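Asker: model the structure of this input:
(2 chains)
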Amino acid sequence: MKEFKEIVVISGKGGTGKTSLTSSFAALEGENTVIADCDVDASDMYIILEPEIIQSEDFYSGKTAKIHTEGCVHCFKCKKVCRFDAINVINGDFVVDELNCEGCSYCFHVCPTRTIEMRDNLSGNFFISKSRLGSYLVHAKLNIGADNSGKLVAKVRDEAKRIAKENDKKLIIIDGPPGIGCPVVSSLTGVDFAVVVTEPTVSGKHDLKRVGELLKKMKIPGGVVINKFDINPEMTEEIKNELDNYNLKLIAQLPFDKIFSDAITVKKSVVEYDNGEIAALIKDSWGKVKTLVNNK
Amino acid sequence: MNSLSEKLWKTKKFSTAFFVCNSLKNYLKVGFMIHIAVASGKGGTGKTTLSVNLATILSEKYNYNKTVLADLDVEEPNSGLFLDGKLKLQEVKYRMVPEWNEEKCTLCKRCANVCEFNALAFLGFSVLVFPELCHSCYACSELCPENALPMKQRRMGELKHYEISDKLDFIESRLDIGVEQAVPLIKLTRDYVKETFDNDTLVIYDAPPGTSCPVIEAVKKCENTILVTEPTPFGFNDLKLAVETMQELGNKFGVVINRSDANDKIIEDYCNGNNIELYGKIPFMREAAEAYSKGKLLVDEIPVMRKYFETIAERII
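Answerer: Numbering: from 1, shown residues only, chains lettered A, B, ... in the order given. Here you go, the predicted structure:
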């Protein structure tokens, strides 16, 4: 039995309001929680939470081949076995195209003169910080073009769990990445509940169905927040009708409001920026999420 | 390589000739195809909106033999929701992963030792293959002394090719749910475009969000890339990441501000200060958000929107 619960906020489609909602949930919980920003590709949570970094570490993952010119006998074996078109011949020298290299080491194994070296990739950094809300924040920065295979996401989550355990926090809130691929699967594995933020647009509905299928496949219970529901009320109804097919609960529908972008502009979460209808709806949603998680 | 070509190789002359031929071949093949990618660090800034509307304008107003829009956001392909057309081709896309042959295997563990991705594990007297971890490098299969790991096809998604008008074609690939790696499908989709169309084609790629491997696969070797952003601190932060990515790749690129409003200045100042070209703006309009929500093209639904896309088209061509 885990001593803490993990709630992830995802969306399928980007830009539906994941970070706005997650930062509001974080603000409502104050110091009682650990926040994990798993959108390591384009992490934005730190903009709102203004964290002070306590610890920063390099993150190595994967390898890249390096061919030393001395010793190379131009036998072409490496080029022949490479399935990623990563070995070019430039002015007679064999050179690895680092962007194409997958780090599979096949070339290294077939090189008769052992001229190929496999080097570890520095693929990013991760940070453990204290947010201005008093909570811990674990976040990361993936290097440009690095392999986002979900390993850095897994690392961020592991660190968040360790901190939760050490500091006796009962809750981890995860800001997830968009899409349905490796980083998303990595953000979802083993969580207690997923909040899916969507919008009533053709793309929002389409992407929600794909995320719904993924959650069903991974057997993760989830609920849906329909953001900007009044942009297209018919589509909002269509989305609501879909929820049962994926065993998703409706948590809330939020109206379109400039408060969302205004709050971001002054680097505040919505519940800190506003005290009106929208803030009340978000507080209410968070209450519902917690009830759903605890009654699971 | 046989010994004759090895000798020739060493005489450098051969190598020079080899390069000239190769680059000539590449030039003839891609020289008259223009590839433009639409990318962004942050999701939901308007990549798809820009891609579908821009492709429509380009196909109507410019005299390319064909304009092709290819949706490379294979995890969540959305461009097709805005376009109607005739399905020309539909094909399942596969990648290769090893399959264990128990009878041939002598349990030497060579395969698990060479695999860098932990995609093979020994469990008692059997070998387990984890296809989602496999990168299809063939090392285990071809280095196996007993040929006990033949590569087999594994389904990863589907590609569809539509004809939208006689000037505009649309291609989308869709990753199956539960398939984790997007890059191999993006690669095959780009290959399909390369093989299917020839000279005098303008290709627009709708890229996935972010700055990691799937984006690189979508934007590399494009003649031009449009980075779509929005005037918020999130949009600005992710734009800077996207710009770094383009600079790292050495790609030509410019910026479009979507949902442009009173806060544009943060983006404009950054672009001016860093010598980044602003390709255009798309103003914030609630009607636009509503048209988008219904899957409608802005250039058809809201006449005043047309000129914004025309301006962008002029600047990128």
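Asker: near residue A:103, how many other residues are there?
Answerer: 23 (other CB atoms under 10 Å in any protein chain shown). For every residue, glycine as well, the C-beta is placed using N, CA and C.
Asker: swap in residue B:168?
Answerer: 22.
Asker: next up, the contacts around the residue nearest to it when sequence neighbours are not counted.
Answerer: Take residue B:168 and drop its neighbours on the chain: the residue closest to it by CB to CB, 6 or more residues apart in numbering or on different chains is residue B:59, 3.8 Å away. Contacts for residue B:59 (CB atoms under 8 Å, 6 or more residues apart in numbering or on different chains) come out as B:67, B:164-165, B:167-168.
Asker: in which helix or strand would I find the closest residue to residue A:111 other than its chain neighbours?
Answerer: Once its chain neighbours are removed from consideration, residue A:111 has its nearest residue in residue A:78; the separation is 5.8 Å (CB to CB, 6+ apart). Assigned by DSSP states H and E, residue A:78 belongs to helix A:77-81.
Asker: for that helix, buried residues please.
Answerer: When burial is assessed from 16 or more other CB atoms under 10 Å in any protein chain shown, helix A:77-81 yields the following buried residues: A:77-79, A:81.
Asker: try stretch B:215-231
Answerer: Residues B:215-220, B:222, B:224-231 are the ones in stretch B:215-231 that count as buried (16+ other CB under 10 Å).
Asker: again with stretch B:141-150
Answerer: Neighbour-count burial for stretch B:141-150, with 16+ other CB under 10 Å as criterion, is recorded at B:141-144, B:148-149.
Asker: near chain A, from those?
Answerer: Contacts with chain A within those, as defined by CB under 8 Å from any CB of the partner chain: B:142-143.
Asker: which among the buried residues of stretch B:141-150 gets closest to chain A?
Answerer: Within these, the smallest distance to chain A is 6.1 Å, found for residue B:143 (CB to the nearest CB).
Asker: any idea how far residue B:224 is from the closest one?
Answerer: For residue B:143, the distance to residue B:224 equals 42 Å [CB to CB, to the nearest Å].
Asker: after the helix holding residue A:78 comes which helix or strand?
Answerer: strand A:87-90.
Asker: mind listing the strands in chain A by residue range?
Answerer: A:5-10, A:33-37, A:52-67, A:87-90, A:93-96, A:116-130, A:136-142, A:171-175, A:193-198, A:222-226, A:248-253 (DSSP state E).
Asker: what's the closest non-adjacent residue to the residue located most distally from the centre of chain A?
Answerer: Here chain A has its C-alpha centre computed as a mean, and the residue farthest from that point, by CA atoms, centre = their mean, is residue A:73 with 44.5 Å. Nearest non-adjacent residue to residue A:73, counting by CB to CB, 6+ apart: residue A:113, 5.7 Å away.
Asker: wait, the one you found touches residue A:69, no?
Answerer: No - checked against CB atoms under 8 Å, the pair residue A:113 and residue A:69 is beyond contact range at 11.4 Å.
Asker: on that earlier part again, which of the buried residues of stretch B:215-231 are close to chain A?
Answerer: Counting by CB under 8 Å from any CB, B:215-216, B:220 from those sit close to chain A.
Asker: for those, give me CSV that also has distance to residue A:254 and pLDDT.
Answerer: Conversion of these to CSV gives the following (distance: CB to CB, whole Å; pLDDT from 0 to 100):
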residue, distance to residue A:254, pLDDT
B:215, 30, 94
B:216, 35, 93
B:220, 38, 91
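Asker: quick revisit: would you list the phi and psi of the residue nearest to residue B:168?
Answerer: The main-chain torsion angles of residue B:59 are listed as degrees, to the nearest 10 and equal phi -70, psi -30.
Asker: relative to chain A, how far out is it?
Answerer: Remark: distance between residue B:59 and chain A (CB to the nearest CB, to the nearest Å) = 21 Å.
Asker: hmm, back to that, extract the C-alpha trace of the helix holding residue A:78 and format it as CSV.
Answerer: The C-alpha atoms that make up helix A:77-81 are tabulated as CSV, following Å, rounded to 0.1, in the frame of the first residue of the first chain:
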residue,chain,number,x,y,z
LYS,A,77,30.6,-2.4,-42.0
CYS,A,78,29.2,0.3,-39.6
LYS,A,79,27.5,2.1,-42.4
LYS,A,80,26.0,-1.1,-43.7
VAL,A,81,24.4,-2.2,-40.4
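Asker: list the contacts of it.
Answerer: With contact meaning CB under 8 Å, 6+ apart, helix A:77-81 is reached by A:65, A:67, A:87, A:89, A:94, A:106-107, A:110-112, A:116, B:1, B:138-139, B:142.
Asker: so which of the ones next to chain A among the buried residues of stretch B:215-231 are in helices?
Answerer: Among these, the members falling in helices (DSSP state H) are B:215-216.
Asker: quick one: which of the ones next to chain A among the buried residues of stretch B:215-231 is nearest residue A:127?
Answerer: Distance ranking of those against residue A:127, using CB to CB, places residue B:215 first at 22.6 Å.
Asker: give me every residue in the stretch 201-317 of chain B lying close to chain A.
Answerer: By the criterion of CB under 8 Å from any CB, the positions of the stretch 201-317 of chain B lying close to chain A are B:208-216, B:220, B:232-234, B:237-238, B:241, B:244-245, B:248-249, B:263, B:286, B:289-290, B:292-295.
Asker: repeat the analysis, applying 6 Å as the threshold.
Answerer: Contact residues of the stretch 201-317 of chain B with respect to chain A, defined by CB under 6 Å from any CB of the partner chain, are listed as B:209-213, B:216, B:232-234, B:237-238, B:241, B:244-245, B:248, B:289-290, B:292-293, B:295.
Asker: quick one on the thing from earlier: ok, the residue farthest from the centre of chain A to residue A:116 distance?
Answerer: 12 Å.
Asker: got the domain ranges for the chain?
Answerer: Using chain A here. Domain assignment for chain A, taken from automatic domain parsing, gives A:5-50+A:131-294, A:61-122.
Asker: try again with chain B
Answerer: Annotated domains of chain B cover B:33-95+B:156-316, B:100-149 [automatic domain parsing].
Asker: ranges for the helices of the stretch 151-296 of chain A?
Answerer: A:151-166, A:182-188, A:202-218, A:233-243, A:259-265, A:270-273, A:277-294 (DSSP state H, counting those that start in this stretch).
Asker: nearest residue to residue B:170 other than its sequence neighbours?
Answerer: Spatial nearest neighbour of residue B:170, chain neighbours left out: residue B:162 (4.6 Å); criterion: CB to CB, 6+ apart.
Asker: bridging residues for the one you found?
Answerer: residue B:87, residue B:170 (DSSP bridges).
Asker: thought it was touching residue B:172?
Answerer: No - between residue B:162 and residue B:172 there is no contact, the gap being 8.0 Å when judged by CB atoms under 6 Å.
Asker: neighbour count: these two, which is higher?
Answerer: For the pair residue B:162 and residue B:172, the greater number of neighbours falls to residue B:172 (24 against 19), based on other CB under 10 Å.
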